[in-house]
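Q: could you work out the structure for the sequence below:
(one chain, ligands or ions: 1)
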Amino acid sequence: MNNGKFETDRHGWAELLPPRQATPPLKGEHRADWAVVGAGVTGLAAARRLAENRPDQKIVLLDARAVGQGASGRNSGYAVAVSHFGGGFSQKKIDEYRRVNRINQAGLTLLRERIEANSIGCQWREQGFYHTAADSRSQAEYHYFLEYLSALEIAHTPLDTAELADRLGTKTYHSGIHVHAGALVQPAALVRGLADTLPSNVHLSENSPVINIERGAPLRLVTSDGALLADNVLLATNFEAPKLGFLARRLSASTLTGSFTRILSEDERASLGSLSDWGVLSLHGGGATVRLTVDGRISLRNTAEYNGGQLLSDAQLQQRQAVHRESFERRFPQLAHVPFEFAWSGVEGISRNSTNFFSKTAKNIYFAGGYNGSGVSRGTAFGHALADYACGADTDLVRDCLASAPATWIPPRPLVDIGAYFTVKKRFRGVGLDR
Ligand SMILES: Cc1cc2nc3c(=O)[nH]c(=O)nc-3n(C[C@H](O)[C@H](O)[C@H](O)COP(=O)(O)OP(=O)(O)OC[C@H]3O[C@@H](n4cnc5c(N)ncnc54)[C@H](O)[C@@H]3O)c2cc1C
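A: This next block holds a predicted model:
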């Protein structure tokens, strides 16, 4: 049983949107055929798919927070089609690369279809991303990535410093690759839109933390204000699954931070090259993720740390913002006068061996999550497939998800803290100008 505490704050992408009234919390005792716990991209996709598979059954979707306050509303908004597997290209891993990219692509397609069918306004722009290299490590990675893209016949365009400067308005990058597939999105608007257009047999209760799951038939989910009896439970709780007694030694968390500038003026935007909006992913694992958003802000994320699965305090965020600022001014000296308007943190679910989780974890309880910082499209695909799997369907996507490698063991505290310290150090080794 957990203490029902699920922290939240008023920073991030949700604050850039108009206020939204959360659905009322679950009160009293209720009965459903299915419970989905967690209304991020995984839980939203799972609930929607259950509703399609079982139109006559009742599905209750519970979230501890308001929709948009989990990682799904706090990420950098890259819906990836093509994963970058750092550390070199290996012919032997081609089948694995293809499997992961099929899952990414399935998630991207599902998101596009859902957004179009429900007219969700979330700044969805499907024009790929720039994978860039500024320092020596990422330049080595640039060559591996090119080899990988060519071997897998993935559409891309290599670019040099001048071509990147023309498109992005910065001379920071030595080289880069535009991968044509992939979408950028306002993440909080995406999850709000998905939550507000759920099928009629899905009932969403926000601010309803599940504090315990009592085993039996039916299962009994105890929330802070009520209880839900359900025949099956789909857990989409990301790194917080251990609070309910699942995957404690397999699933961990990393806290990331970023900042947004105010909206740039027309002249400031004109100094940023020829494109109206774009997204840069670093070819160094610790490098900065930088976007020019559709509404004309620069967003930059470049810190990651182990913080026990917690968001950062305002004081900590202020310190991290100095790191964002240095990186921003180095890339865009012409915008050095432009202030940041927001800083935000978010927590991603990670495994030690960078695998994802997709399984039946107990009788009538299923779990999907932990996407190591790449869960917008993948989480959507995993959630969709989890619903199919729980309904007994055997699809190509279910088989691809089931083929995820088992997660390696994570030691308990304080060893995990020491391990996490060194993992983070390793992530940023040689980051140099890419930070
Ligand atoms: C700063 C940052 C940047 C990122 N950038 C990207 C990116 O650009 N592209 C990308 O693909 N991925 C990115 N990621 C990762 C991505 O956001 C996640 O992988 C993805 O959102 C996970 O989705 P999810 O639905 O599984 O989990 P979450 O979005 O974390 O949702 C889980 C939900 O479960 C709820 N919950 C947990 N426990 C309980 C409980 N006991 N009872 C009720 N509810 C509960 C939580 O409140 C939460 O809303 C980033 C992550 C962060 C933090």
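
Q: where does pLDDT dip in this protein?
A: 1-4 (pLDDT under 70).

Q: and the helices in it?
A: For the chain, the helices defined by DSSP state H occupy 41-53, 94-117, 136-151, 161-168, 187-196, 266-270, 314-331, 376-390, 396-402, 415-428.

Q: how many residues are close by the one residue in the stretch 251-400 of the chain that gets nearest to the ligand?
A: Closest contact between the stretch 251-400 of the chain and the ligand, by Cβ to the nearest ligand atom, is at residue 375 (2.0 Å). Just so you know, the C-beta spots here come from the backbone N, C-alpha and C atoms, and that holds for glycine as well. For residue 375, the neighbour count with other Cβ atoms under 10 Å is 28.

Q: hmm, back to that, possible to save the helices of the chain as CSV with mean neighbour count?
A: Shown next, in CSV, are the helices of the chain (neighbours: other Cβ atoms under 10 Å):
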stretch, mean neighbour count
helix 41-53, 27
helix 94-117, 17
helix 136-151, 18
helix 161-168, 16
helix 187-196, 24
helix 266-270, 13
helix 314-331, 16
helix 376-390, 28
helix 396-402, 17
helix 415-428, 14
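
Q: now residue 118: how far from the ligand?
A: 18 Å (Cβ to the nearest ligand atom, to the nearest Å).

Q: do residue 224 as well
A: According to Cβ to the nearest ligand atom, residue 224 and the ligand sit 9 Å apart.

Q: what residue is smack in the middle of the protein?
A: Nearest to the mean C-alpha position of the chain, by Cα atoms, centre = their mean, lies residue 375 at 3.9 Å.

Q: for the nearest residue to residue 63 once chain neighbours are set aside, grab the count of nearby residues.
A: In this structure, residue 63 finds its nearest non-sequential neighbour in residue 39, 3.9 Å apart by Cβ to Cβ, 6 or more residues apart in numbering. Neighbour count of residue 39, defined by other Cβ under 10 Å: 32.

Q: related to what we said a few turns ago, nearest to residue 352, out of the helices of the chain?
A: Checking the helices of the chain against residue 352 by Cβ to Cβ gives helix 415-428 as the closest, at 8.0 Å.

Q: neighbouring contacts of that closest one?
A: Contacting residues not belonging to helix 415-428 are listed as 252, 254, 285, 286, 304, 305, 306, 352, 410, 411, 435 [Cβ atoms under 8 Å, 6 or more residues apart in numbering].

Q: got it, and stretch 12-28?
A: With Cβ under 8 Å, 6+ apart as the criterion, stretch 12-28 contacts 60, 62, 66-69, 73-74, 77, 186-189, 192, 196, 204-208, 223-228, 260, 295, 342, 344-346.

Q: and the residues you listed, which of them are buried?
A: 60, 62, 66-69, 73-74, 77, 186-189, 192, 204-208, 223-224, 226-228, 260, 342, 344-346 (16 or more other Cβ atoms under 10 Å).

Q: picking that back up, separation between the residue nearest to the centre of the chain and residue 239?
A: Using Cβ to Cβ, to the nearest Å, residue 375 is found at 11 Å from residue 239.

Q: between the two, what contacts are shared?
A: Joint contacts of residue 375 and residue 239 (Cβ under 8 Å, 6+ apart) are 348, 349, 369.

Q: get me the contact residues on the stretch 251-400 of the chain for the ligand.
A: 256, 301, 346, 347, 348, 369, 371, 373, 374, 375, 376, 379 (Cβ under 6 Å from any ligand atom).

Q: tabulate the residues you listed (a markdown table), appending distance to residue 123.
A: Formatted as a markdown table, these follow (distance: Cβ to Cβ, whole Å):
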| residue | distance to residue 123 |
| --- | --- |
| 256 | 20 |
| 301 | 17 |
| 346 | 18 |
| 347 | 23 |
| 348 | 21 |
| 369 | 25 |
| 371 | 22 |
| 373 | 21 |
| 374 | 19 |
| 375 | 19 |
| 376 | 13 |
| 379 | 19 |
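
Q: show me these that map onto strands.
A: 256, 301, 346, 347, 348, 369 (DSSP state E).

Q: sorry, back to before: ok, the residue nearest to the centre of the chain - contacts?
A: 41, 42, 71, 72, 75, 238, 348, 349, 369.

Q: now with 7 Å, please.
A: The contact partners of residue 375, taken as Cβ atoms under 7 Å, 6 or more residues apart in numbering, are residue 41.

Q: against residue 54, how distant is it?
A: Remark: distance between residue 375 and residue 54 (Cβ to Cβ) = 25 Å.

Q: what of residue 46?
A: 12 Å.

Q: near the closest residue to residue 258 other than its chain neighbours, how many other residues are there?
A: Distances taken as Cβ to Cβ, 6+ apart place residue 301 nearest to residue 258, at 3.1 Å, with adjacent residues excluded. Neighbour count of residue 301, defined by other Cβ under 10 Å: 23.

Q: quick one: residue 301 and residue 289 touch, right?
A: Yes: using Cβ atoms under 7 Å, residue 301 is in contact with residue 289, at 4.6 Å.

Q: can you tell me which residues contact residue 151?
A: Counted by Cβ under 7 Å, 6+ apart, residue 151 has contacts residue 94.

Q: re the thing from before, okay if I get the helices of the chain as JSON lines plus distance to residue 29?
A: Shown next, in JSON lines, are those (distance: least, Cβ to Cβ, whole Å):
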{"stretch": "helix 41-53", "distance to residue 29": "21"}
{"stretch": "helix 94-117", "distance to residue 29": "32"}
{"stretch": "helix 136-151", "distance to residue 29": "53"}
{"stretch": "helix 161-168", "distance to residue 29": "55"}
{"stretch": "helix 187-196", "distance to residue 29": "24"}
{"stretch": "helix 266-270", "distance to residue 29": "54"}
{"stretch": "helix 314-331", "distance to residue 29": "39"}
{"stretch": "helix 376-390", "distance to residue 29": "23"}
{"stretch": "helix 396-402", "distance to residue 29": "33"}
{"stretch": "helix 415-428", "distance to residue 29": "37"}
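
Q: out of those, which is closest to residue 218?
A: helix 376-390 (14.5 Å).

Q: tilt between the closest one and helix 94-117?
A: On the basis of axes from the mean of the first three to the mean of the last three Cα atoms, to 10 degrees, helix 376-390 is oriented at 90 degrees to helix 94-117.
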